[in-house]
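Participant: Sequence and predicted structure below; questions after.
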Number of protein chains: 2
Amino acid sequence: MASVEAKVFPIEALREFTTRVFLHFGVPKSDADQAADVLASADLRGIDSHGVARLSCYVDLLGEGLINPTPKIKIVRSTPSTATIDGDNGLGLVVGPQANQIAMDMAERAGSGWVSIGNSNHFGIAGYYVMKALERDMIGWAMTNSTKLVTPLWGAERMLGTNPIAIAFPGKEEPPIVIDMATCTAAYGKIEIARRLGKSIPQGWGIDNQGLDTTNPDDVVAGGCLLPLGSDRERGGHKGYGLAVMVDVLCGVLSGANWGPFAPPFALRQEIPARSVGKGIGHFFGAMRIDGFIEADEFKRQMDDFIRTFRATKPAPGTNGPLIPGDPEREAEKIRSKQGVPLIMPVVEELRVISKKTGIPFS
Amino acid sequence: MASVEAKVFPIEALREFTTRVFLHFGVPKSDADQAADVLASADLRGIDSHGVARLSCYVDLLGEGLINPTPKIKIVRSTPSTATIDGDNGLGLVVGPQANQIAMDMAERAGSGWVSIGNSNHFGIAGYYVMKALERDMIGWAMTNSTKLVTPLWGAERMLGTNPIAIAFPGKEEPPIVIDMATCTAAYGKIEIARRLGKSIPQGWGIDNQGLDTTNPDDVVAGGCLLPLGSDRERGGHKGYGLAVMVDVLCGVLSGANWGPFAPPFALRQEIPARSVGKGIGHFFGAMRIDGFIEADEFKRQMDDFIRTFRATKPAPGTNGPLIPGDPEREAEKIRSKQGVPLIMPVVEELRVISKKTGIPFS
């Protein structure tokens, strides 16, 4: 990213602008605050592709009436520890936090809570949700399906989203382990950055529209595909494909949402799927009380030991040794909450366009 | 495998021999049957490294009194949908099925059931457990931690097991999707086969004992490590590492079992860990009633559509297109249940040694 021009904004400025934009499109105040909080969390944690960089997509869909600004989410089916939720075509940034809350409340009573959510839209970063569970001494799980970008192993077309999996475990004195990972090899955002910089991409990230390996980011963008985690058969591409299928079924099929290549697009410019097999996209949240298994304090002390043991791993040559999952995002948050969030100029331009359209000031 | 000499045995012969061997070591009849069934399932499904090829490890540990042949498993803590189980140092092949049953029974009542099991031993193939859930119209999850073999990304020493994740989804007319995958790039068994054949291994499978990439299988065996799924930073090695950590925490830390580099060895020849941080190794099972989310019949019809849609993916050049997770194992089972199980000669030799030691005939 070093050679891409960027402008730095205090997180509070971004949060306020985002909130006011959602309000402008008829989202109620508390929901607008909530949605802005999810996006701000991505920007703070350095997951630039999932923060205000996506605001124009949400705005386009709200503006076209394709997202319901005032959803009433409904529990359509439930047992003491499971539920299916209809998101009423609301913002995923609003539906997601409410559904996650339902999972955690269920866990409070039954030990664990598992909800599959359909008729929703993109929910931001999966990590946001699992960190909420930490505040209640729970282990949180979050997944979502999304618009097709990834090919199955041995395929030559986009059939699956980047379908992330997140889970978090608290420490006592140590910061938590926060795992938040797409099930493809590399994020689409990295392809776009390589393209902007005129650089090639590593082998194993993508294929062209004929299904052939490529190191040219243009090929991936022009109808090619991302590869699942593991890339090829020899290096376990069938495993990343399996994980993406798991996420798709838990989020899509189980909830009655669209799955696979039929997940609806997130941006107006994207192709409309050939058919509809459900409503919107889907998410899946889980929450487990730690003390449903072991005293929470004992668990956290063991996690401190675990984290310190892994930090003490003998380092590979040329590295400082293994990180703990969540380290890079925590580090970014520390810096950006003080120094602000750097936005690349194309994103700044998009926000200025939104500002002009809505009359909400943005410098 | 083509150039490795093998001898073919009917599955019933292997099952009977295995059962009698477990009986010989004091395992009660129903448990011996159960344990033999798990091993037979691996042999039938073509997961050769987890079937009778491991019998000598179990036998060694039983013979040395390091595994309890008559465990009384105990629920040490529970809520309506979660439990922690102490496996009483029994065979994982016996403790696993009982704990999985507890998870499914809990799901019957509460919608879902989640159990973390400590004080156990190796439980065979994770896929065995999740297929049991299918028989009850449930979605089953299974994980286990295991003896260290895998380095964290940027590490240069063995810190994690191959820590598999399994989950299965039923179809209606289509066979089920069965995902069962280690969280490392390649199985240790593949390193051993390459070594036996004097072949090199692909880049991305392993490192030597200095932490350097290697394509020589001897380097991995001689104190090197397997790499996590994704192999290196560019191709998402941090993701495979994250998944392995997730499995280790859910199975090990949550249950009070040993975790990370402290998981006890599975074979007498393996190094004893520097310290003990719990009891035995750990597993994690989940079961969710499908009708806790959606009518089971409707779910299965959607899964048929899902499976057919993915089979119809445009194929990559030189392939027949994507498989559905579980296809190769199902194909192996079809062939081997008729034609028998091919065992490589070193495994046949090990079984002959067991035969001589126990007086149980094996040809």
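Facilitator: Good, I have the coordinates.
Participant: So A:V95: helix, strand or coil?
Facilitator: helix (DSSP: H, G, I helix; E, B strand; the rest coil).
Participant: residue contacts, it?
Facilitator: Residues in contact with A:V95 (Cβ atoms under 8 Å, 6 or more residues apart in numbering or on different chains) are A:71, A:73, A:85, A:87-88, A:117, A:120-121, A:123, A:283. Yep, even glycine has a C-beta here, placed from its N, CA and C like the rest.
Participant: at 10 Å instead, please
Facilitator: A:31, A:35, A:68, A:71, A:73, A:85-89, A:117-121, A:123, A:280, A:283 (Cβ atoms under 10 Å, 6 or more residues apart in numbering or on different chains).
Participant: What's the local residue count around A:S146?
Facilitator: Neighbour count for A:S146, taken as other Cβ atoms under 10 Å in any protein chain shown: 27.
Participant: try the one 3 residues further on
Facilitator: A:L149 is flanked by 23 other residues according to other Cβ under 10 Å.
Participant: is it true that it touches A:R158?
Facilitator: Yes. With contact defined as Cβ atoms under 10 Å, A:L149 counts as touching A:R158 (5.6 Å).
Participant: Give me the common contacts of these two.
Facilitator: Listed as contacting both A:L149 and A:R158 by Cβ under 10 Å, 6+ apart are A:224-226.
Participant: restrict these to those near chain B?
Facilitator: With Cβ under 10 Å from any Cβ of the partner chain as the criterion, these include A:C225 near chain B.
Participant: In strands only, show me the shared contacts of A:L149 and A:R158.
Facilitator: Within those, residues falling in strands by DSSP state E are A:225-226.
Participant: returning to that earlier point: any of the contacts of A:V95 buried? List them.
Facilitator: A:31, A:35, A:68, A:71, A:73, A:85-89, A:117-121, A:123, A:280, A:283 (16 or more other Cβ atoms under 10 Å in any protein chain shown).
Participant: out of these, who's near chain B?
Facilitator: Among the buried ones among the contacts of A:V95, chain B is touched by A:85, A:118 when using Cβ under 10 Å from any Cβ.
Participant: hmm, back to that, pull out the buried residues from the shared contacts of A:L149 and A:R158.
Facilitator: A:224-226.
Participant: Can I get the residues you listed in TSV including pLDDT?
Facilitator: Formatted as TSV, those follow (pLDDT from 0 to 100):
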residue	pLDDT
A:G224	98
A:C225	98
A:L226	98
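Participant: wait, which of those residues is closest to A:G189?
Facilitator: Closest approach between those and A:G189, by Cβ to Cβ: A:L226, at 10.9 Å.
Participant: hey, what's the closest one bridged with?
Facilitator: Counting by DSSP bridges, A:L226 forms beta bridges with A:V150, A:G206.
Participant: mind listing what it touches?
Facilitator: A:148-151, A:158, A:160-162, A:182, A:184-188, A:190-191, A:205-207, A:220, A:240.
Participant: same deal with A:S146?
Facilitator: Going by Cβ under 10 Å, 6+ apart, the list of residues near A:S146 reads A:92, A:121-123, A:160-164, A:182, A:247-248, A:251-252, A:263-266, A:281-283.
Participant: Please flag which of the residues you listed sit within strands.
Facilitator: Using DSSP E, the subset of the contacts of A:S146 located in strands is A:281-283.
Participant: Out of those, flag the one nearest to chain B.
Facilitator: Chain B has its nearest neighbour among those in A:G282, at 10.8 Å by Cβ to the nearest Cβ.
Participant: The closest one is in contact with A:G118, isn't it?
Facilitator: Yes. Under the criterion of Cβ under 10 Å, A:G282 makes contact with A:G118 at 4.9 Å.
Participant: Just the buried residues out of the contacts of A:L226, in PyMOL syntax.
Facilitator: Remark: buried members of the contacts of A:L226, expressed as a PyMOL selection using 16+ other Cβ under 10 Å:
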select buried, chain A and resi 148+149+150+151+158+160+161+162+182+184+185+186+187+188+190+191+205+206+207+220+240
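Participant: ok, back up a step: rebuild the ones in strands among the contacts of A:S146 as JSON lines, extending it with pLDDT.
Facilitator: As requested, those are exported to JSON lines (pLDDT from 0 to 100):
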{"residue": "A:I281", "pLDDT": "97"}
{"residue": "A:G282", "pLDDT": "98"}
{"residue": "A:H283", "pLDDT": "98"}
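Participant: any low-confidence regions in chain A?
Facilitator: Applying pLDDT under 70 to chain A flags residues A:1-4.
Participant: Now do the helices in chain A.
Facilitator: A:11-24, A:29-44, A:55-63, A:92-110, A:126-134, A:188-197, A:217-221, A:237-248, A:296-311, A:327-339, A:345-358 (DSSP state H).
Participant: Out of those, flag the one nearest B:D304.
Facilitator: Closest among those, using Cβ to Cβ: helix A:237-248, at 14.4 Å.
Participant: which secondary structure elements does the closest one contact?
Facilitator: When contacts are defined as 3 or more Cβ pairs under 10 Å, 6 or more residues apart in numbering or on different chains; DSSP states H and E, helix A:237-248 sits against strand A:138-144, strand A:165-169, strand A:281-289, strand B:165-169, strand B:177-181, helix B:237-248, helix B:296-311.
Participant: Tabulate these in JSON lines, adding columns for distance to A:V341.
Facilitator: Output for the helices and strands packed on helix A:237-248, formatted as JSON lines (distance: least, Cβ to Cβ, whole Å):
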{"stretch": "strand A:138-144", "distance to A:V341": "23"}
{"stretch": "strand A:165-169", "distance to A:V341": "21"}
{"stretch": "strand A:281-289", "distance to A:V341": "25"}
{"stretch": "strand B:165-169", "distance to A:V341": "35"}
{"stretch": "strand B:177-181", "distance to A:V341": "37"}
{"stretch": "helix B:237-248", "distance to A:V341": "23"}
{"stretch": "helix B:296-311", "distance to A:V341": "39"}
